[in-house]
Structure formats: structure tokens, C-alpha cells
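Student: Structure of the sequence below:
(chains A and B)
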Amino acid sequence: MKKNWWKILAVILLLYTVIAGLLMDVPQLREGNLDQTIRNLHFHVPMWFGMMIFFTVSLVYSIRYLRSNDLKYDHKALEFVNIGIVFGILGLATGSIWVRFTWTDAWWVNDPRLNGAAITMLVYLAYTVLRGSLEDEQQKARISNIYNIFAYAVMIPLIVILPRMTQSLHPGTGGNPGFNVYDLDNNLRKVFYPAVIGWTLLGLWIASLRIRLKHVSYKLEK
Amino acid sequence: MSKKLVGLMSFIFLLFCDFVAKAQDDSSPVEVLRKDGKIYVVVAVISVILIGLFIYLFMLDRKVSKIEKEVDTIDSNQR
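Tutor: Model (predicted):
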């Protein structure tokens, strides 16, 4: 139980996020049509933070696998991609709802940041398809881990670079100063940072369970 | 497990009470839940769902630990 302190931390941080995130006073600025929806900051944005962290961790394990040929690292790389995809899909879904009620009457707009995020999801989904299509353990691990490195290299321009070079409705990009106002709001920060840590720890928890299961079933197969 | 859970629950309850107390300083808890457009009801519902999911995850976690131990004993018996 000693090693489980971070799981309890995740529970506490997430309950704090929900309670404080819904009850705390938020800036009543009408900029960007946000109103009360700024509270989504504590739920939608951490999904993307989490996804980036998981894909980065996965990249590290992919490289470690390729250097050592130890399947243990391959399992970790796979499960971190899986949880990253879950967070990414949740990020897309929550973003879509947010778009519908603040920007336009549509669920999706052709915005560079939105499309970049969607393409990233497809790139990573292709990773799982690639894994499923290969039989031999070592071959599967080698090819999919190399693909994982390429996927990361594609994701960075799609999410981080391209949206910043073009006009985008999404805050933090192009000409929309939207979040700059809120970024400075200390009340939001008090919830936002714990929220990011909490959601990421939750994803880590789920990923660790799947890694352990994967490890056990691999042992049984042997 | 249960002791930790009780501790956690009481912590959450205190956290909740703190927010409720700040927004409101009279009458019974039931009345408080009806205040401010009943937002506290929403907070309570989401918290219950989250706590339920966490308990489920903790149980899953223990199950995996159990299987890990079983596999380890099989492993060491074979050697």
C-alpha cells in the first residue's frame, strides 16, 4: 500500500477539481463567448496535457525497447499509447461540445488545431492497427515501436507547430488572445494545475493496471 | 483499505462542507443543497460518480495484485 500514495493523491486532486472547479468564482468576462464554460478549462484541457505526457512517455519506452529488445518496454509503450488515445478522444469529444456552444452552431469547424488533433488520433489509431496485423512477437514490437517514433514526430508539428503558424479560433494560437486574460487569473490556476496533475495520475493508474495485466498474461503464456 | 477509504471520504466531506459553508451560513444541509440554482446537487452527483469509479479502480487494482501473486507462486514452484 505504501507505493499507492499517488493513487490516493489522484483521488483527492480530482475530487478537489470537481468541487472547486464547479463552485469557485470564475472571471465573468464575455470575451470569446465563454461565460461559465471557462470551467471546462479544468476538464477539457487536462485531457490534452495528459495525452501529450503519455505519448512522450511511450516514445521513451519505444526507444528503450529498440535499444534493449526487452519486451517489457514494448508493453509499456503500447499501454501508454492506449491511454493517450483514450485521453485524446475524450479531449476531442469535450472540445466538440465546447465549440458548439461558444464559437459556432456546428459541432466541428475546419480549424487547424482541431484538424491537427483529429489527424493525430488517426495516426496513433494506425499504430494499434499495425500491431494487430503482425503475428511474430519480436517483429511486431520492433516495427510498431519504430512507427511510434514516427507518430510522435508527426504529432508535434500537427498539434504544436502548425496551429501556431496559422489563424485559429482555438485559444493559445493564432490571433485569439482569449486565454491570456484567464491565464493570469489566479483563481483558475488554483484549480487548473491540480486538475492537470490529477487527471494525468488517473491515466497513469489505468495504464499501470493494463501494463501489469499484460505482464502477467505474458508470463502465463511462457 | 476501509480505514483509508473512511479517511478519504471524511476529507472529501470536509472539503465539500467548506465550500458550502463559504457560500451559505444558515439552515440545514438539505436547504443548502437547494441554494444557488442547485449547483451543489450537481457537485454531489459528479462527486458520487467519481468516488464510485475510484472504488472500482481500487478493487481492480487489488485483483491484479492478487493475480500477480498467484502467477509468481506458480512461477517459483516450477523452478
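Student: Measure how far stretch A:45-61 is from the centre of its chain, please.
Tutor: 5 Å (C-alpha atoms, centre = their mean, to the nearest Å).
Student: Check which helices and strands the longest helix that chain B contains sits against.
Tutor: Assignment by DSSP state H gives helix B:39-78 as the longest helix of chain B. For helix B:39-78, the packing partners by 3 or more C-beta pairs under 8 Å, 6 or more residues apart in numbering or on different chains; DSSP states H and E come out as helix A:5-23, helix A:186-221, helix B:2-23, helix B:29-33. Glycine gets a C-beta too; all of them are placed from N, C-alpha and C.
Student: So which of these is the most surrounded?
Tutor: helix A:5-23 (a mean of 20; mean count of other C-beta atoms under 10 Å in any protein chain shown).
Student: how far out from the middle of the chain is that helix?
Tutor: 18 Å.
Student: do stretch A:99-115 as well
Tutor: The answer for stretch A:99-115 is 19 Å, by C-alpha atoms, centre = their mean.
Student: And it, what's buried?
Tutor: A:99, A:102, A:109, A:111-114 (16 or more other C-beta atoms under 10 Å in any protein chain shown).
Student: Show me the contact partners of it.
Tutor: For stretch A:99-115, the external contacting residues (C-beta atoms under 8 Å, 6 or more residues apart in numbering or on different chains) are A:32-34, A:37, A:92, A:95-97, A:159, A:162-163, A:166-170, A:173.
Student: Just the ones in helices from the residues you listed, please.
Tutor: Per DSSP H, these map to helices at A:92, A:95-97, A:162-163.
Student: residue closest to the middle of chain A?
Tutor: By C-alpha atoms, centre = their mean, chain A has its centre lying nearest to A:Met51, at 1.7 Å.
Student: Report pLDDT for that residue.
Tutor: Note for A:Met51: predicted pLDDT of 95.
Student: One more: A:Ile206?
Tutor: A:Ile206 is assigned a pLDDT of 94 by the prediction.
Student: Quick check: the residue nearest to it when sequence neighbours are not counted vs A:Ala77, distance?
Tutor: Closest residue to A:Ile206 apart from its sequence neighbours, by C-beta to C-beta, 6 or more residues apart in numbering or on different chains: A:Ile83 at 5.7 Å. Going from A:Ile83 to A:Ala77 by C-beta to C-beta, to the nearest Å gives 12 Å.
Student: follow-up on the earlier one: any idea which of the buried residues of stretch A:99-115 is least confident?
Tutor: Among the buried residues of stretch A:99-115, A:Thr102 has the weakest pLDDT, 81.
Student: Report the separation between that residue and chain B.
Tutor: 20 Å (C-beta to the nearest C-beta, to the nearest Å).
Student: quick one: the residue nearest to A:Ile206 and A:Leu201 touch, right?
Tutor: No. Using C-beta atoms under 8 Å as the test, A:Ile83 is too far from A:Leu201 to be in contact (11.6 Å).
Student: list residues touching both of these two?
Tutor: Counting by C-beta under 8 Å, 6+ apart, nothing touches both A:Ile83 and A:Leu201.
Student: which one among the buried residues of stretch A:99-115 gets closest to chain B?
Tutor: A:Thr102 (19.8 Å; C-beta to the nearest C-beta).
Student: I'd guessed A:Asn82 sits against A:Ile211; true?
Tutor: No. Assessed by C-beta under 8 Å, A:Asn82 is found out of contact with A:Ile211, at 9.8 Å.
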